[in-house]
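J.: just coords:
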C-alpha cells in the first residue's frame, strides 16, 4: 500500500479559485469602505472648523477668513477653504468647504443656509 503525502494538483487549483473569488468580492467592498471613511473624515473636519468659526466669532465679532486664524484647527490631509456665507460678508456669515483627494465628494457648511436646507451640504458622486 502506497501512502502519498501532499495535495493533488486539482485540490490546489480549487483552493486558488476559491481564494480568487473571495478576493474578487472583497476588494471592491474595501474600496467603498475606504471612500466612506474619507467622506466621514471630511465631514468631521468641516464641522470642526465650523465650530471653531463660531468660537472665533464669540471673541472677535467677525468670522475668520482662514483656518490659520482659528486656534487648534488641524484638518490633517483634508483641504479646507473658508469664505463668506450667503450674506456675502464674513462679518455676518461663513462657508466652510472641505475636500480630500481620496473621495470625489465635497462637503460644505453654510452658517446661514437658505430656509429649508441643512447647514451641511454634500456635493459630488
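T.: Perfect, thanks for sending it. Since the model is a prediction, treat every value here as computed from it, not as a measurement.

J.: Can you show me the strands along this structure?
T.: 79-84, 94-99, 106-110, 120-123 (DSSP state E).

J.: okay, these, which one's buried deepest?
T.: When you average the neighbours per residue for each of the strands of the chain (mean count of other CB atoms under 10 Å), strand 94-99 leads with a mean of 23. In short, each C-beta sits where N, CA and C put it, glycine included.

J.: can you count the residues close to residue 27?
T.: Neighbour count of residue 27, defined by other CB atoms under 10 Å: 9.

J.: quick one: it from residue 20, how far?
T.: As judged by CB to CB, to the nearest Å, residue 27 and residue 20 stand 11 Å apart.

J.: Same question for residue 97.
T.: Computed as CB to CB, the residue 97 to residue 20 distance reads 42 Å.

J.: any weak-confidence spans in the protein?
T.: Scanning the chain with the threshold set as pLDDT under 70 gives 1-2, 125.

J.: which stretches of it form helices?
T.: Per DSSP state H, the chain carries helices over the ranges 9-60.

J.: In it, which residue is most central in space?
T.: Centroid-nearest residue in the chain, with CA atoms, centre = their mean: residue 39, separated by 2.4 Å.

J.: so what's that residue up against?
T.: Taking CB atoms under 8 Å, 6 or more residues apart in numbering, we find residue 39 in contact with 103, 105, 107, 122.

J.: now for the residues you listed, which pair is the farthest apart?
T.: The largest distance within the contacts of residue 39, taken as CB to CB, falls between 103 and 122 and amounts to 10.3 Å.

J.: about what we covered before: quick one: the contacts of residue 39 as a markdown table, columns for distance to residue 50 too.
T.: Listed next are the contacts of residue 39 as a markdown table, based on distance: CB to CB, whole Å:
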| residue | distance to residue 50 |
| --- | --- |
| 103 | 19 |
| 105 | 17 |
| 107 | 10 |
| 122 | 14 |
